[in-house]
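A.B. asks: Sharing a model that was predicted from the sequence below.
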Amino acid sequence: MINKVTLIGHLGKDPEVRYLDKDRVVANLTLATNERYNDRNGNRVETTEWHNLEMWDGLAKVAEKYLKKGSLVYVEGKLKTEEWEKDGIKRYTTRIRVTTMNMMDRASSSSNDASTPPSQESSQSVAKQNEDAIESIIDGGDDDLPF
């Protein structure tokens, strides 16, 4: 059986990190992925899907230290569904428990001081270049598939 999720997207907010008993750390994040396609009438349509992510221990500490709202990340993980009851009604939520994470934003190469954060403009430029490259791979052109 396989339960594997792979996503590339931007964080919707800063990670929410909690330190639990026995040195356990958990980070909860939201990730936005975009899909672009042409509808029947040839209009370009873009939809956004939001994903709830959960990172534990080492990954959670990395997320706390390096990730922020807008960060472009690649994640792999597995779906985890939680069930609870409220007012006699069963409720469910599904999260992605992240097992692998790669930060796709690059620091500014114009700075020689590693402690100096890249300018917001250069970060946005790099993020835009990364996003364009990813979209060209995903889109693969305007295929008119027969199904």
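C.D. replies: Noted; the coordinates are in hand.

A.B. asks: per-residue confidence averaged over stretch 78-92?
C.D. replies: The average pLDDT within stretch 78-92 is 93.

A.B. asks: ditto for stretch 14-33
C.D. replies: Rounded to a whole number, the mean pLDDT of stretch 14-33 is 94.

A.B. asks: low-confidence ranges in the chain?
C.D. replies: With pLDDT under 70 as the threshold, the chain has low-confidence stretches at 107-147.

A.B. asks: What segments of it are strands?
C.D. replies: Secondary structure of the chain (DSSP state E): strands at 5-11, 16-19, 25-38, 44-56, 72-86, 89-103.

A.B. asks: could you dump these to CSV with distance to residue 64 and mean neighbour count?
C.D. replies: Glycine gets a C-beta too; all of them are placed from N, C-alpha and C. CSV is the format used below for the strands of the chain (distance: least, C-beta to C-beta, whole Å; neighbours: other C-beta atoms under 10 Å):
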stretch, distance to residue 64, mean neighbour count
strand 5-11, 12, 17
strand 16-19, 4, 12
strand 25-38, 6, 16
strand 44-56, 9, 14
strand 72-86, 14, 13
strand 89-103, 12, 13
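
A.B. asks: what about these, which gets the closest to residue 63?
C.D. replies: strand 25-38 (4.3 Å; C-beta to C-beta).

A.B. asks: Which strands or helices does the closest one pack on?
C.D. replies: In terms of contacts (3 or more C-beta pairs under 8 Å, 6 or more residues apart in numbering; DSSP states H and E), strand 25-38 is packed against strand 5-11, strand 16-19, strand 44-56, helix 57-66.

A.B. asks: Between the strands of the chain, which one is closest to residue 66.
C.D. replies: strand 89-103 (6.2 Å).
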